[in-house]
Structure formats: C-alpha cells, structure tokens
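Trainee: predicted model and sequence follow; I will ask about them next.
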Amino acid sequence: MSESPESPEREIFHLLRAVTVAYGLRQAAFASENGLHPTDVRALICLLDAERAGTDATPGALGTELGLNSAGTTAVIDRLERLGHLSRVRDPRDRRRVLLRVDDRAKELGWAYFGPLIHRTEALLRGFDATEAAAIDRFLHGVRDILADDERGADT
C-alpha cells in the first residue's frame, strides 16, 4: 500500500515537530552537561520569559507554568538555588511575597551554550522580509495558543 502525498500543512506540522524534538534534545544535553534536571532548564526558561515580559516570577506561577504541585515546585527551586542559578527575593511591594530571580551565573551559562544558536536563528530570520516575518510570528503564536487551548481542554 503506497502512502498518498501529505498536504503542505501536514509537512509543516511534521517539520515543526522535528524542530521541537531537536531543540528538546539540545536542552537535555545542556541539562546533562551542567548537572541539571530537564525540569530545571524548563524552570529557568519560564523565569527568563517572565523577566523579559516584566512579569513577577513567583513560586506559584512557576509551578503552574511547569505543571508541578507545590512540593515539586519547591524541589526545583531548592535545587536551582543550591546550584547558584536562582535566588529568592522579597517582593519590595509586598514583603510577604517571594519572587524568583535567575542569577547572572545561570544567564551566562545559558548564553555560552545557546547564544550561537540564538544568533544563527536571528540571522536566518533577518533573511525574511517584514511580511514573511509577520507570517512566521503569527504562525508560531497560533501554534502556541493551540497548545495552550489543548492543555486547558478546549474543544477544537
């Protein structure tokens, strides 16, 4: 039985999947080389994303983002703090609240490993015109939203 040719949309989906698998492997290698658990790397990414967005990073928000319960979140935070990658600081607006900050050492470690990939990807994107770049941006945001909807159990 021969397979029928796949639609261009399905081929793009498979390519996106291949990219995410390759990037996941890169993250796992980074974790392994630096004595981290893969969840630690995901936690650092979540915290850096919050920092870029100007959003307070709290243990509760991190746990929600990672899909961990309170004990699991505490274990990740404790491990990252012990390794010198993370600090707990008091919220200056509400001293009862704890905020999480990625330490400069972790940022430097990440840039040393992922910086060349980031720079090469940025160079690739500069090869697209504004309309193409907007389409890529719209597509990736759309896929992210579909995944978030799926995670929440939204109907298709």
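Mentor: Arrived safely, thanks for sending.

Trainee: what kind of secondary structure is residue 95 in?
Mentor: strand (DSSP: H, G, I helix; E, B strand; the rest coil).

Trainee: residues near it, how many?
Mentor: As a burial measure, residue 95 scores 8 neighbours (other Cβ atoms under 10 Å). Any C-beta I mention is one placed from the backbone N, CA and C, and that applies to glycine too.

Trainee: from residue 58, how far out is it?
Mentor: 14 Å (Cβ to Cβ, to the nearest Å).

Trainee: go on, residue 8?
Mentor: 42 Å.

Trainee: give me every residue that touches residue 103.
Mentor: Residue 103 makes contact with 84, 85, 86, 87, according to Cβ atoms under 8 Å, 6 or more residues apart in numbering.

Trainee: how much space separates it from residue 83?
Mentor: 9 Å.

Trainee: so how far is the longest helix along the chain from its chain's centroid?
Mentor: The longest helix of the chain (DSSP state H) is helix 8-33. Mean C-alpha position of helix 8-33 versus that of the full chain (Cα atoms, centre = their mean, to the nearest Å) differs by 13 Å.

Trainee: next one: stretch 76-90
Mentor: Going by Cα atoms, centre = their mean, where stretch 76-90 is centred and where its chain is centred differ by 18 Å.

Trainee: before we move on, what about stretch 140-148?
Mentor: 13 Å.

Trainee: mind checking how far the residue most central in space within the chain is from residue 12?
Mentor: Note on the chain: the residue nearest the mean C-alpha position is residue 45, at 4.4 Å, using Cα atoms, centre = their mean. When distance is defined by Cβ to Cβ, residue 45 is 24 Å away from residue 12.
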